[in-house]
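# this one's structure only:
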């Protein structure tokens, strides 16, 4: 992936306006100590209940007209698929979300309620990805990956912009690692705007 300049993050913020929300950064007294204030960035207040909407919306908004006409697709176990479905609906673009048989029914229902097709393929994310690859190859659909994508990372980076704008004194930001799109995006914004701020990624101890 090419390096992402900060201007791309500001462009992402403009692109996702009206699709993703600017979420609150609220004090968390139960997690604080007398020496350290803690605040939580409430991405659960997004329309789909997760930060994924930022990256998906920015990636879809960046598509050329002919790509929009062909539609978008992705492999997902839930939140990313909902994000793609939500953003595609808001932008009037058809979407096919490929999922395995193991995805819970409530997640399938949520995607279908947004007007996207939830296509069930195999019993793993790898199986679902095979169908995504076919749709891209044969039907010219645009794949919207969950994390390793220029516009997706730039979209997630808008979280870092908001944190620094709302709390310029922040000295440490902690974010989930997972695929790295969220953490990479937040680090991009925070370390560019406030280089002395620490950014820490957390993941499960396997």
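Right, received. Where do you want to start? Because the structure is predicted, anything quoted here is derived from the model rather than measured. Numbers count the residues shown, from 1 in each chain.
# And for residue 11, nearest residue in space, chain neighbours not counted?
Computed as C-beta to C-beta, 6 or more residues apart in numbering, the closest residue to residue 11 that is not its neighbour in sequence is residue 154, at 7.4 Å. C-beta coordinates here come from the backbone N, C-alpha and C atoms, glycine included.
# residue boundaries of the helices in the chain?
Along the chain, counting by DSSP state H, helices occupy 6-16, 52-61, 65-70, 79-91, 105-113, 125-139, 150-156, 158-166, 181-193.
# Which strands and helices lie in contact with the last one?
Contact analysis of helix 181-193 by 3 or more C-beta pairs under 8 Å, 6 or more residues apart in numbering; DSSP states H and E lists helix 6-16, helix 150-156, helix 158-166, strand 172-176, strand 198-202 as its packing neighbours.
# list the buried ones in the first one?
It refers to helix 6-16. Applying a neighbour-count criterion of 16 or more other C-beta atoms under 10 Å, one finds 8, 9, 11, 12, 13, 15, 16 buried in helix 6-16.
# so who does residue 178 touch?
Residues in contact with residue 178 (C-beta atoms under 8 Å, 6 or more residues apart in numbering) are 147, 203.
# Worst mean pLDDT among the helices of the chain?
Looking over the helices of the chain, mean pLDDT reaches its minimum on helix 105-113, with a mean of 93.
# Just give the number of residues close to the closest residue to residue 15 other than its chain neighbours.
Using C-beta to C-beta, 6+ apart and skipping residues adjacent in sequence, the residue nearest residue 15 is residue 61, 4.2 Å away. Residue 61: 21 surrounding residues under other C-beta atoms under 10 Å.
# to the chain's geometric centre, what's the distance from stretch 66-82?
Distance of stretch 66-82 from its chain centroid, counting by C-alpha atoms, centre = their mean, to the nearest Å, is 12 Å.
# Centre-most residue in the chain?
residue 52 (2.5 Å; C-alpha atoms, centre = their mean).
# My guess is it contacts residue 86. True?
No: with contact defined as C-beta atoms under 8 Å, residue 52 does not count as touching residue 86 (9.2 Å).
# As CSV, the buried residues of helix 6-16 with distance to residue 69 would be great.
Formatted as CSV, the buried residues of helix 6-16 follow (distance: C-beta to C-beta, whole Å):
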residue, distance to residue 69
8, 25
9, 28
11, 23
12, 23
13, 26
15, 19
16, 21
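# State the distance from residue 70 to residue 187.
33 Å (C-beta to C-beta, to the nearest Å).
# Could you check how far the closest residue to residue 80 other than its chain neighbours is from residue 169?
Using C-beta to C-beta, 6+ apart and skipping the chain neighbours, the partner closest in space to residue 80 is residue 146 (4.1 Å). Note on residue 146: its distance to residue 169, by C-beta to C-beta, is 32 Å.
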